[in-house]
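Trainee: structure for the following, please:
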Amino acid sequence: MLAIDVIGIIFTIIITGIRYPHYVILAIVIHHFAQLLTVFLLHGTLNGVVAAGAFNSVIVSELSHKYYKLFILFSGSLSSYLTSRIIGGVEFEPTPLLVRPWAKLRYPFAVINLRLAIVSFLLILASFIY
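Mentor: Predicted structure coming up:
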């Protein structure tokens, strides 16, 4: 089952880069693709996906190890971070512009992937705390 949560995607666009929504959509696709690829590499059974940007959810069963679910959760954030590092350019942006979603950037795709990685990571940690 695939469910697309448009409100979650719009909220992710607002948080990560309202000036560059096309880059945010591309970063979300990379984020979700990494999670799905991780599920298949770990030989899990995919039962459902809720595509909601940084607020996504993957429902998996039949994993051989209990820590694989944790790895699947963090694989999207890891892929966004690695994409940001591979593309490069974050180090050339002024630090205050890294947190402003409306800022005009010289390397927008790298910065948006970094923001998506951080927001997704914090949301996953918050789900474990609460």
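
Trainee: could you find the closest non-adjacent residue to the one residue sitting closest to the centre of the chain?
Mentor: With distances taken as Cα atoms, centre = their mean, His31 lies nearest the centre of the chain, 4.3 Å away. In this structure, His31 finds its nearest non-sequential neighbour in Gly76, 4.3 Å apart by Cβ to Cβ, 6 or more residues apart in numbering. Backbone N, C-alpha and C define where each C-beta goes, glycine included.

Trainee: still on that earlier bit, residues contacting the residue nearest to the centre of the chain?
Mentor: By Cβ atoms under 8 Å, 6 or more residues apart in numbering, His31 lies in contact with Gly53, Ala54, Asn56, Gly76, Ser77, Ser79, Ser80, Leu116, Ser120.

Trainee: any idea which element it lies in?
Mentor: Here His31 sits within helix 21-41, counting by DSSP states H and E.

Trainee: which parts of that helix are buried?
Mentor: Neighbour-count burial for helix 21-41 flags Pro21, Tyr23, Val24, Ala27, Ile28, Ile30, His31, His32, Ala34, Gln35, Thr38, Val39 (criterion: 16 or more other Cβ atoms under 10 Å).

Trainee: stretch 97-114 too?
Mentor: Buried residues in stretch 97-114 (16+ other Cβ under 10 Å): Pro101, Ala103, Leu105, Tyr107, Pro108, Phe109, Ala110, Val111, Ile112, Asn113, Leu114.
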